[in-house]
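Peer 1: Return a 3D structure for these sequence lines:
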Amino acid sequence: MLRIGEWRKVQIGSMTAIGYVSNMVQSGFYGYRVELTKVIWIAHGKYLLKKPSPGVFTEEQLEPIGDFWDKLQDKSSLIDLALLTKDEKWFEELIGGKQKWHTVEQ
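Peer 2: Numbering: from 1, shown residues only. The predicted structure is shown next:
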């Protein structure tokens, strides 16, 4: 079973959306509906960061993202995404922890 916060991808028409599981709701007797907050759209090999938008899918429609994050060489895109999704912990991990300001003693 999926957990809230997991990253998944879903095919929507000719595009692929990547997002994180933001909610899960019991649907029917056996199944779940998964709310996936989509943040990245992939079309024709190009990545588009968009305003996060939720969508509801079945668990079967969602696929693991595999090594998607490892393939992105530009950390600035990930930092932008962390800011966009307001994920402070992830942002701190990406920039190497909390920034410390050094003062000069006189």
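Peer 1: Could you pull up the residues touching R3?
Peer 2: The neighbourhood of R3, defined by CB atoms under 8 Å, 6 or more residues apart in numbering, consists of V21. Yep, even glycine has a C-beta here, placed from its N, CA and C like the rest.
Peer 1: can you offset everything so residue one is 602?
Peer 2: Taking 602 as the first residue, the last one we looked at is R604.
Peer 1: How about the secondary structure of it?
Peer 2: Per DSSP: H, G, I helix; E, B strand; the rest coil, the secondary structure class of R604 is coil.
Peer 1: ok, and what's touching the biggest helix by length in the chain?
Peer 2: Assignment by DSSP state H gives helix 676-685 as the longest helix of the chain. Contact partners of helix 676-685, identified using CB under 8 Å, 6+ apart, comprise 640-641, 648, 650, 652-653, 670, 673, 689, 691-692, 695-696.
Peer 1: Among those, which one has the most neighbours?
Peer 2: Among the contacts of helix 676-685, I641 has the most neighbours (other CB atoms under 10 Å), with 21 neighbours.
Peer 1: what does the model give the nearest residue to it once chain neighbours are set aside for pLDDT?
Peer 2: Closest residue to I641 apart from its sequence neighbours, by CB to CB, 6 or more residues apart in numbering: I619 at 4.2 Å. Among the per-residue scores, I619 holds a pLDDT of 92.
Peer 1: First-to-last residue distance for stretch 649-667?
Peer 2: 19 Å (CA to CA, to the nearest Å).
Peer 1: Does P655 touch Y621 like I think?
Peer 2: No - P655 is beyond contact range of Y621, at 10.3 Å (criterion: CB atoms under 8 Å).
Peer 1: one step back: roughly how far out does the longest helix of the chain sit from the chain middle?
Peer 2: 10 Å (CA atoms, centre = their mean, to the nearest Å).
Peer 1: Counting neighbours, which bits of it end up buried?
Peer 2: By neighbour count on 16 or more other CB atoms under 10 Å, the buried set for helix 676-685 is 679, 682-683.
Peer 1: Distance-wise, check S678 relative to L685.
Peer 2: 10 Å (CB to CB, to the nearest Å).
Peer 1: Listing request: residues of the chain with sub-threshold pLDDT.
Peer 2: Confidence mapping of the chain against pLDDT under 70 gives the ranges 671-675, 696-707.
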